[in-house]
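S.K.: following is a predicted model, sequence given first.
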Amino acid sequence: MQITLENQVAIVTGASSGLGEASARALAKAGAAVVVNYHSKAKPARDLVKAIKQDGGQAIAVGADVSNEAEVDMMFQKAIDTFGHVDILVANSGMQKDAAAEDMTLEDWNTVLSVNLTGQFLCARAAIRQFKAQGVLDNVSRAAGKIIHMSSVHQTIPWAGHVNYAASKGGVDMLMRTLAQELAHQRIRINGIAPGAIRTPINETETKGASGRKLLKLIPYGRIGDPDDVANAVVWLASDLSDYVVGTTLTIDGGMCLYPGFINNG
């Protein structure tokens, strides 16, 4: 069965690079009109919009800080003003500010939690309000709306030196599941994706050369993931093919969460 997102509108946060960019491209290819959100990288976002349009799709770029309530509301309003409705939210924006716990500043703790967790809440809240206002639209989707929270394997795996990031992703998991429980009866489907090691520009150093070979020891499947591995899952979760999937996290990690250190009994 072919996946189609025709007549649907998707907002993808943090879509100027990496997993957000790949997700926006894949959603557009499946037929959705896409709001390409960015924070500081306007040119890559606009280039992505141009590429989507050249491929026959619909897209706009909207700059907004997801941790800012007013800017999130503005982003959703621009989506409504342009396309008339919103059917899909991919809450992808995230960041790292790494340090050992004893050296981590309160500012770096708060900044990461503000973007990675509060930002996902603010975007989800805006999406929920819109989905409830518009209801289930004929010839669009079986659901009133779909939210996909981008998390990480570090919602499960502790990560020394990254306590703010790991804590934020653990929070995203419970945020997603609680919202799913609260809203499923209103035909709003909320799920998550937890990527493992994915080859994106931001982690190029860690995924190439000697660092990449060392990383492979943590991945039973024997390869580092590509952004499309995640983007394909985003499209499936956004489509009616996954209509009975609610409150679930798809872990896309090549087996990293299988604790490969225990392959030979630890």
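M.R.: Done, it's in.

S.K.: scan this protein for its longest strand.
M.R.: strand 188-195 (DSSP state E).

S.K.: what packs against it?
M.R.: Here strand 188-195 is seen to pack against helix 119-134, strand 145-150, helix 163-183, helix 227-238, strand 249-252 when contacts are counted using 3 or more CB pairs under 8 Å, 6 or more residues apart in numbering; DSSP states H and E. Yep, even glycine has a C-beta here, placed from its N, CA and C like the rest.

S.K.: now the last one: average pLDDT?
M.R.: If you average the pLDDT over strand 249-252, you get 98.

S.K.: output that strand as CSV, nothing but the C-alphas.
M.R.: Written as CSV, here are the backbone C-alpha positions of strand 249-252 (Å, rounded to 0.1, in the frame of the first residue of the first chain):
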residue,chain,number,x,y,z
THR,A,249,8.2,5.3,20.5
LEU,A,250,9.9,3.8,17.5
THR,A,251,13.6,3.2,18.4
ILE,A,252,15.7,3.6,15.3
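
S.K.: out of the helices and strands packed on strand 188-195, which comes closest to Lys53?
M.R.: The closest of these to Lys53 is helix 227-238. By CB to CB, the value is 18.6 Å.

S.K.: how far does the closest one sit from its chain's centre?
M.R.: 10 Å (CA atoms, centre = their mean, to the nearest Å).

S.K.: elements contacting that helix?
M.R.: helix 18-29, strand 88-91, strand 145-150, strand 188-195, strand 249-252.

S.K.: can you tell me which of these is most buried?
M.R.: Mean neighbours per residue, mean count of other CB atoms under 10 Å, is largest over the helices and strands packed on helix 227-238 for strand 88-91, with a mean of 30.

S.K.: what about Gly170, how many neighbours?
M.R.: 17 (other CB atoms under 10 Å).

S.K.: so where is the stretch 51-200 of the chain shaky, pLDDT-wise?
M.R.: Low-confidence segments of the stretch 51-200 of the chain (pLDDT under 70): none present.

S.K.: show me what contacts the closest residue to Val72 other than its chain neighbours?
M.R.: Among residues not flanking Val72 along the chain, Leu122 sits closest, at 4.6 Å (CB to CB, 6 or more residues apart in numbering). Going by CB atoms under 8 Å, 6 or more residues apart in numbering, Leu122 touches Val66, Ser67, Asn68, Glu69, Val72.

S.K.: identify the spatial nearest neighbour of the first one, chain neighbours not counted.
M.R.: The one in question is Val66. Residue nearest to Val66 in three dimensions, not counting chain neighbours: Gly119, with 3.4 Å by CB to CB, 6+ apart.
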